[in-house]
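**Student:** need a 3D model of the following:
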Amino acid sequence: MVDFIIGFDFGHGETSVAKLNVNTVDESAAQLEAEDIYIIGDDREPKIPSIVGYDCNGNIQINLDVYQFKFLKVEAGFKAPMIESERFPAITQENKDYFRDFVVKVFEKLHEHPNNNDLRNKSILYFVACPSGWTTGQRDEYLKFFTDYCKLPIAGVIEESRAAYVVARRKLYDKDPELSRYGKETAVLDLGSSTLDITMHSDRSYSDGFEIGACKIEEMLLQYFLENDDD
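**Tutor:** Coordinates of the predicted model:
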């Protein structure tokens, strides 16, 4: 018997975690009451930046404050598939190690957080999200990264826009059940930091994704100002 389902979204820019108490699920209800949960600290929002820091002794820190950048070795932008495809380059070994350190620390801090005491001694299924444009092989290797390289009990990998589609379809059902019935056309576009992920549902669900996330827009704006504004 599973008590909780927990989903990790290790984004290029931000990381968030949500839980679902399986024992409270009403199978006849349209809405699943998932709850965002804190990883570390008690900030206004439970999500944290996807950044890892190392002090002079090699100790790992996450959810860094700006002043910590002065005396920590800081790494970011390390999320990528374990193997390359035509559309997505593979992660470097160095970034693979940074990514491992980050996700292991997230998992550790999440279970230490006093707000998450209800997870103690419970049966939990863990899942992680990945960009929708990744191939089957990339998703399989991503799962191996978590289970073999990080030694974490992750049960599966779910495409980001497919997860968003499930939520969107249930919200549609709340407004008008006819809008969400099987066979209706629904499209979900999930613009993340690194990827644009799309799921289209008609006769069945089709998912795809592209490496044209919000960071590309930010990089273009930065380059524009560097070239056009000396100040």
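**Student:** all contacts plus neighbour counts: C-alpha atoms, from now on.
**Tutor:** Fine.
**Student:** for the chain, which segments count as strands?
**Tutor:** 4-10, 14-21, 35-36, 48-49, 51-54, 60-62, 73-76, 124-130, 154-159, 186-191, 196-201, 205-210 (DSSP state E).
**Student:** take the ones you listed and lay them out in TSV including mean pLDDT.
**Tutor:** Formatted as TSV, those follow (pLDDT from 0 to 100):
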stretch	mean pLDDT
strand 4-10	94
strand 14-21	91
strand 35-36	88
strand 48-49	92
strand 51-54	95
strand 60-62	95
strand 73-76	91
strand 124-130	94
strand 154-159	92
strand 186-191	77
strand 196-201	76
strand 205-210	72
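**Student:** closest one to residue 145 among those strands?
**Tutor:** For residue 145, the closest of the strands of the chain is strand 154-159, at 9.8 Å, according to Cα to Cα.
**Student:** now do that closest one: distance to the chain's middle.
**Tutor:** Put simply, strand 154-159 sits 11 Å off its chain's centre (Cα atoms, centre = their mean, to the nearest Å).
**Student:** now do stretch 151-162
**Tutor:** 9 Å.
**Student:** again, but for stretch 66-81
**Tutor:** Here stretch 66-81 shows a centroid-to-chain-centroid distance of 18 Å under the convention Cα atoms, centre = their mean.
**Student:** still on that earlier bit, turn the strands of the chain into CSV, including distance to residue 141 and mean neighbour count.
**Tutor:** Listed next are the strands of the chain as CSV, based on distance: least, Cα to Cα, whole Å; neighbours: other Cα atoms under 10 Å:
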stretch, distance to residue 141, mean neighbour count
strand 4-10, 16, 19
strand 14-21, 20, 19
strand 35-36, 27, 14
strand 48-49, 24, 19
strand 51-54, 22, 21
strand 60-62, 25, 19
strand 73-76, 21, 16
strand 124-130, 11, 20
strand 154-159, 10, 18
strand 186-191, 23, 18
strand 196-201, 19, 22
strand 205-210, 18, 18
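**Student:** make a markdown table out of the ones you listed and add distance to residue 110.
**Tutor:** Converted to a markdown table, the strands of the chain look like this (distance: least, Cα to Cα, whole Å):
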| stretch | distance to residue 110 |
| --- | --- |
| strand 4-10 | 11 |
| strand 14-21 | 9 |
| strand 35-36 | 12 |
| strand 48-49 | 12 |
| strand 51-54 | 15 |
| strand 60-62 | 12 |
| strand 73-76 | 20 |
| strand 124-130 | 13 |
| strand 154-159 | 14 |
| strand 186-191 | 25 |
| strand 196-201 | 27 |
| strand 205-210 | 29 |
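**Student:** which residue lies farthest from the center of this protein?
**Tutor:** Within the chain, residue 230 marks the point farthest from the mean C-alpha position, 36.6 Å out by Cα atoms, centre = their mean.
**Student:** what pLDDT is listed against that residue?
**Tutor:** Reading off the confidence values, residue 230 has pLDDT 73.
**Student:** surely residue 91 and residue 83 touch.
**Tutor:** Yes. Between residue 91 and residue 83 there is a contact under Cα atoms under 8 Å: 7.2 Å.
**Student:** can you give me the neighbour number for residue 217?
**Tutor:** Close neighbours of residue 217, defined as other Cα atoms under 10 Å, add up to 13.
**Student:** also residue 219?
**Tutor:** Neighbour count of residue 219, defined by other Cα under 10 Å: 10.
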